[in-house]
Structure formats: structure tokens, C-alpha cells
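Trainee: Predicted model and sequence follow; I will ask about them next.
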Amino acid sequence: MPTSSRTTAAAGDLAGRREWTAFVVLLLPLLLVSMDVSVLFFAIPSIDRDLAPSATQQLWIFDVYAFALAGLLITMGSLGDRIGRRKLLMFGAVAFSAASVGAAYASSPEMLIAARALLGIGGATLMPSTMGLVRNMFRNEQQRGRAIGIWSGAMAGGIALGSVLSGIMLEHFWWGSVFLVNVPAMVLLLVLVPVLVPEFKDPNPGRFDFLSVPLSMAAVLPVVYGVKETAAEGMDLRNGLITAAGLAVGWVFVRRQRTRNDAMISRELFRDRNFAAGIGLNALAAFAMMGASFFTTQYLQSVLGMSTMEASLWSLAPSLAVGAAAPAATAIAQRTERARVICAGFVIAAAGFGVLARSGTDSLAVLLIGSAVMSCGIVTVMALVSDLAMSTSPPEKAGSAASLLETGQEFGGAMGMALLGAVATAVYAADMPESAPEVARKTLPGALSTGDGSLIAVGRDAFVHSMQYASVAGGLLLLVGAVLAVTRLRRPAISEPAAVSGPAVSEPAVSEPAVSESSAV
């Protein structure tokens, strides 16, 4: 395929039916990876009954997927740039399918933990590969913005859909069925991707920096683990040391990336300040979304007394509004200054937190409206800053750019659960009477377990009060994000980056000459 300069890419050929069909296919792995975050919500009781995991093993069954995913995103994004994003996507689909079968038929807790870890490794290959391919297939700015908007909405919806799908599957099948649902979709992916999706990779990737692989994992994993444990158990010396160790290794990793020519994270990505700003704003949006989910899900079950299935179905309601928010936001951003729309997204999300702050002990409608408004604002921000970051990154580094976006999102989500969860926990504990049992003073589920009606009523009031304070804190942070959006993103429009000085940088070559980047049916 003939190569084209980056300025040619700026003009951009319009994507046709082939590219849009390929894009629909690429949504399959995105949905499955995001669904696997929540797919175990209903399955744990059945797994407990069949495999009898210890308390520690149960935690690892839940968490090892997210840890493997977060720890390997940077590595896999860089690897995809070198060997080809489509090739990495295919490898990841095979690994994800094999791990799904292994998890479905696991005969011991250890086997299930290992399968979940392999699922996380597969997911780490799929996430940056899909967004990187979207960056390369849609060279027209308007089409790419629309595609990334749909991509962001699908990712947010997949997390909500995972718990509902697992509940429906468990109504009719055994717990392993929640994993087997991945296999047909991955088989379809393996069949269609070679036909529809062209290969893209960096034509001059340089050597692979193998030492940076363990360094990146040793930086990301302790921080994510320490923050998650702090959210669940509170800050203590152990969690603080683990987090500090991760940050120290992170400093070494960043220093290595800044001084090596063959760095895993190219310095060229940060030549445009909007790239770094996009990563930070995306992390702040994830902070708000995951922080809100920390108490809204508990509210549905512990305050309103819903079953898990009923709560998950109600939690889908805000997703109906979210599905239209991202495409609408990208359409508006193409007609006005992008920074203003991102700022408006943060303000809308803050207003959603304001609605949540008015919740009482019987406020289902208020909760749903607040969650819908907040989610629409957050998805607006995520879609636009993702498109901004990917637009300003060189096409040959699209996999690395996508992996940094998603790693920042993991950090932001973990911090949201930890910090807003800490605010809610502190307010709850302060509202509970000192005469209450210790288990009731820690959490609302603990108060429910006592069976004391008056104590349960006090606990529900205290939880709602704590949710109100956390909502105010979340809203204020989002307003900070709105200010950062208008002060850090000054350009009226973001287009393809201009060619760097020196020889023109080429679009990544397609490894199979028969396939053309701009082919349209």
C-alpha cells in the first residue's frame, strides 16, 4: 500500500462501509473486556458453593483480572505498535477465549484465579489494540470523533451490562456460563478481523525495551492494589508502604522513558500538551464515575432493600441516556470549541452529583436522575478527551497512546473509589452512635447484619448522609476539572498534528499489500 504523509492524513479519506463494519466488529472485544469487570457480581455465591474458596482467594478471584489488565496495558500498547495492532488483537482474542473456557470449567479456586489472570492479560492486549485501530482506520477528524464517542459509550455500557447478563445466565445455567458467553463473540472476531481490519504498526519501532516491562508493572500494580485496599479497609501502614513503593518505581520508570531512545513510551507523544492534559482529564472523569458507583450500588441494595438482580436492572436505566450523550457531544464539539464542550461535560456531571446530594432514604427517582445526568457528563468528557489525545498522537504510536489513556483511567477509577469512599466512610462512622456494635459502625451492611430495626434505620440515615457529603466532594472536583479544561485546552479545534521537523513521518504501513487503509465498499 502506498504510504502517505501526516499532512495527507490530516485531509483524510472518508471511511466507508468497510471501515464502519470493521468498527462494529472491534466493539465486540471492548464490550467483553468491560463486561468482565462486573460479570462475577452474581456468580460468587455459586462459586463459593462449588469451589469453597477462602476469603483471600475470593478477593483474588475478583481482583486479579483488574490487576493483570492495569499492569500490562502500557506493555501491550507498545508491543502492538511494534508487531502490529491487528496481530496483537488476534493473539489477545485467542488468549481471552482460552481463559474463558478455563474459568468456566475451573475445578479449584487456584485454577479460577489463574484463568482470571489470563483473562486480564488478554484484556490488556484487546483494549489498546481496538482504540489504536480506530485511530488508524478513521483518518477524517469528524468520523474519528464520532467513532470514539460510540467507543466510549460502549465501554461505559458494558460494565453495567456485565452484572445484568450474569444474573440472566445464572437464572438458567451454572456459574461457568458467565465466562463461556465470551467464546462465540471471540470466535466471530477471529473470523472477521482478518477480512475487515487492516494491519497497522510503527514502520520504525526501534528495539523493544524489555527492562521497562517489569518496571511498568512494578509501578502500576502496587499503586492500584494499595489504593483499592485503602478503599476497602482504610489507610494503614501496609497499604501506604505498598502505594509508596509503586510510586517510587514509577519515578524510576518515568526517568528511564525520558532518557532512552528506545523507550517504551515515546517522548513524541507528549510534544503536544493536549495529550497529557487529555490523559489527566480522562483520569478525573473515571475518578468521578467509579467513585459514584461506590455508593450508588450500595444505596440500591442496602438502603432501598433491592435484590442484586433488581438493583442491577435499575442501574441500567441511566445507560439509556448515556448511549446518546457521547455521539451528541462529539457532534457539538465539531461545531464549536472542544474545550468548552469538555468544560460543559464536567459541569453537567457536577450537576448530577448535586442531584445525588439531595437523595433521601427513599429516593429512587432522584438517584436515577442524578446518575443519568452525571454519567452523560462523564461520558461526554471521556469521549472528547480520548479523541483529543488520540488525535494529537502520531498514528504510528496509537497503541501506546491508547494504553496510556486506559492506564490513567484505571488509576482514576481506583482513586475515585478510595477517596470518595473514604469521605463516605468517615461521615457514616461519625453519624453512628458509639453504643452501636463495631460491625455496624463500619458499614451499612454490618448494621443490616445485626437485625436490629432501630439500628438499621440509623445506619440507613447515616449512609445517605455520607453519600450526600461524598457527592458534594465529587461535584467540587469535577468543577475543578471544568476549570482545567478551559485553561489547559486552549486550541479552538484539534486536528491531525502537523508533520514534525525533518523528513515526513509516514502512516504505518499495512503488512498485507492487498489491504488498503482507505478502502471503502
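Mentor: Looks like it came in fine. Residues are numbered from 1 along each chain as shown.
Trainee: Let me see the contact set for Ser188.
Mentor: For residue 188 the amino acid is Leu, not Ser. With contacts defined as Cβ atoms under 8 Å, 6 or more residues apart in numbering, Leu188 is in contact with 25, 28. Bear in mind the C-beta positions are built from the backbone N, C-alpha and C, glycine included.
Trainee: any idea how far Leu455 lies from Ala436?
Mentor: From Leu455 over to Ala436 the distance is 6 Å, taken as Cβ to Cβ, to the nearest Å.
Trainee: Can you pull the residues that touch both of these two?
Mentor: Applying Cβ under 8 Å, 6+ apart, one finds that Leu455 and Ala436 are jointly contacted by Ala447.
Trainee: Could I get the full set of helices for the stretch 251-400 of the chain?
Mentor: Defined through DSSP state H, counting those that start in this stretch, the helices belonging to the stretch 251-400 of the chain, from first to last, are 273-298, 308-315, 317-333, 338-356, 364-392, 398-431.
Trainee: among those, which is nearest Leu27?
Mentor: Checking those against Leu27 by Cβ to Cβ gives helix 317-333 as the closest, at 12.6 Å.
Trainee: Does anything pack onto the closest one? Which helices or strands?
Mentor: Contacts of helix 317-333 with other secondary structure elements, assessed using 3 or more Cβ pairs under 8 Å, 6 or more residues apart in numbering; DSSP states H and E, are made with helix 141-172, helix 338-356, helix 364-392.
Trainee: check contacts around Val427.
Mentor: In this structure, Val427 makes contact with 462, 465-466, 469-470, judged by Cβ under 8 Å, 6+ apart.
Trainee: Identify, from these, the entry nearest to Leu368.
Mentor: Checking the contacts of Val427 against Leu368 with Cβ to Cβ, the nearest one is Ala470 at 17.7 Å.
Trainee: May I ask which helix or strand encompasses the closest one?
Mentor: Per DSSP states H and E, Ala470 falls inside helix 453-488.
Trainee: what's that helix packed up against?
Mentor: Under the contact rule (3+ Cβ pairs under 8 Å, 6+ apart), helix 453-488 is packed against helix 273-298, helix 338-356, helix 364-392, helix 398-431, helix 444-450.
Trainee: Give me the angle between the first one and helix 338-356.
Mentor: Between helix 273-298 and helix 338-356, the angle formed by their directions is 20 degrees, by axes from the mean of the first three to the mean of the last three Cα atoms, to 10 degrees.
Trainee: just how off-centre is helix 273-298 within its chain?
Mentor: Remark: helix 273-298 is offset 9 Å from the chain centroid, using Cα atoms, centre = their mean, to the nearest Å.
Trainee: Let me know the outermost residue of this structure.
Mentor: Distance from the C-alpha centroid of the chain peaks at Ser435, with 41.3 Å (Cα atoms, centre = their mean).
Trainee: That residue belongs to a helix, doesn't it?
Mentor: No: read with DSSP: H, G, I helix; E, B strand; the rest coil, Ser435 is coil and lies in no helix.
Trainee: what's the spacing between the spatially most central residue of the chain and Ala349?
Mentor: What sits nearest the mean C-alpha location of the chain, by Cα atoms, centre = their mean, is Gln409, with 5.4 Å. Counting by Cβ to Cβ, the separation of Gln409 from Ala349 is 15 Å.
Trainee: Same check on Ser466?
Mentor: Counting by Cβ to Cβ, the gap from Ser466 to Ala349 is 20 Å.
Trainee: Could you do Asn182 as well?
Mentor: Relative to Ala349, Asn182 is positioned 31 Å away (criterion: Cβ to Cβ).
Trainee: The two: which is more packed in?
Mentor: For the pair Asn182 and Ala349, the greater number of neighbours falls to Ala349 (31 against 27), based on other Cβ atoms under 10 Å.
Trainee: Now that that one has come up, it's in contact with Ile378, right?
Mentor: Yes: judged on Cβ atoms under 8 Å, Ala349 makes contact with Ile378 at a distance of 4.9 Å.
Trainee: Identify the contacts common to the two.
Mentor: Shared contacts of Ala349 and Ile378, defined by Cβ under 8 Å, 6+ apart, comprise 285, 288.
Trainee: what's stretch 344-357 in contact with?
Mentor: The set of residues that contact stretch 344-357 without belonging to it, under Cβ under 8 Å, 6+ apart, is 285, 288, 292, 296, 329, 366-367, 369-378, 380-381, 384, 467-468, 471-472, 474-476, 478-479, 481-482, 485.
Trainee: coming back round to it: if we take the contacts of Val427, which one ends up nearest to Ala414?
Mentor: Ala470 (15.9 Å).
Trainee: can you pull the contacts of that closest one?
Mentor: Under the criterion of Cβ under 8 Å, 6+ apart, the neighbours of Ala470 are 291, 294-295, 420-421, 423-424, 427.
Trainee: and the least confident of those?
Mentor: Least confident entry in those, by pLDDT: Phe294, with 71.
Trainee: For burial, what's the neighbour tally of that residue?
Mentor: Look at Phe294: counted by other Cβ under 10 Å, it has 22 neighbours.
Trainee: what residues are up against it?
Mentor: Under the criterion of Cβ under 8 Å, 6+ apart, the contact list for Phe294 reads 231, 416-417, 420-421, 424, 470.
Trainee: out of the helices of the stretch 251-400 of the chain, deepest packed?
Mentor: A comparison of those by mean neighbour count, using mean count of other Cβ atoms under 10 Å, puts helix 364-392 on top with a mean of 25.
Trainee: low-confidence ranges in the stretch 201-350 of the chain?
Mentor: Counting by pLDDT under 70, the stretch 201-350 of the chain has low-confidence residues at 205-206, 231-235, 323-324.
Trainee: do the same with the stretch 401-521 of the chain
Mentor: Counting by pLDDT under 70, the low-confidence segments of the stretch 401-521 of the chain come to 490-521.
Trainee: thinking again about what came up before, out of the helices of the stretch 251-400 of the chain, which is closest to Ser449?
Mentor: With respect to Ser449, and counting by Cβ to Cβ, the nearest of the helices of the stretch 251-400 of the chain is helix 273-298 at 14.0 Å.
Trainee: And stretch 128-140, how far out from the chain middle?
Mentor: Between the mean C-alpha point of stretch 128-140 and the mean C-alpha point of its chain there is a distance of 17 Å (Cα atoms, centre = their mean).
Trainee: typo on my end, stretch 337-347
Mentor: So, by Cα atoms, centre = their mean, the centroid of stretch 337-347 is 20 Å from its chain's centroid.
Trainee: change the start of the numbering to 29 and stick with it
Mentor: Taking 29 as the first residue, the last one we looked at is stretch 365-375.
Trainee: With adjacent residues omitted, what lies nearest to Thr153?
Mentor: Counting by Cβ to Cβ, 6 or more residues apart in numbering, Thr153 lies nearest to Gly120, which is 3.0 Å off, once chain neighbours are set aside.
Trainee: Mean confidence (pLDDT) on the one helix or strand that neighbour maps to, please.
Mentor: Assignment of secondary structure by DSSP H and E places Gly120 within helix 113-132. Per-region confidence: helix 113-132 scores 88 on mean pLDDT.
Trainee: Tell me what angle the next helix or strand after it forms with helix 392-420.
Mentor: On the C-terminal side of helix 113-132, the closest following helix or strand by DSSP H and E is helix 137-165. Note on geometry: by the same axes, to 10 degrees, helix 137-165 and helix 392-420 are set 60 degrees apart in direction.
Trainee: rewinding a little: the contacts of Val455: which two are farthest apart?
Mentor: Ala490 and Ala498 (12.6 Å).
Trainee: The residue nearest to the centre of the chain and Asn310 touch, don't they?
Mentor: Yes: when contacts are counted by Cβ under 8 Å, Gln437 is listed as touching Asn310 (5.8 Å).
Trainee: any common contacting residues for those two?
Mentor: Counting by Cβ under 8 Å, 6+ apart, the residues touching both Gln437 and Asn310 are Met410.
Trainee: before we move on, back to that, buried set for the helix holding Gly120?
Mentor: Within helix 113-132, the residues that count as buried by 16 or more other Cβ atoms under 10 Å are 113-128, 130-132.
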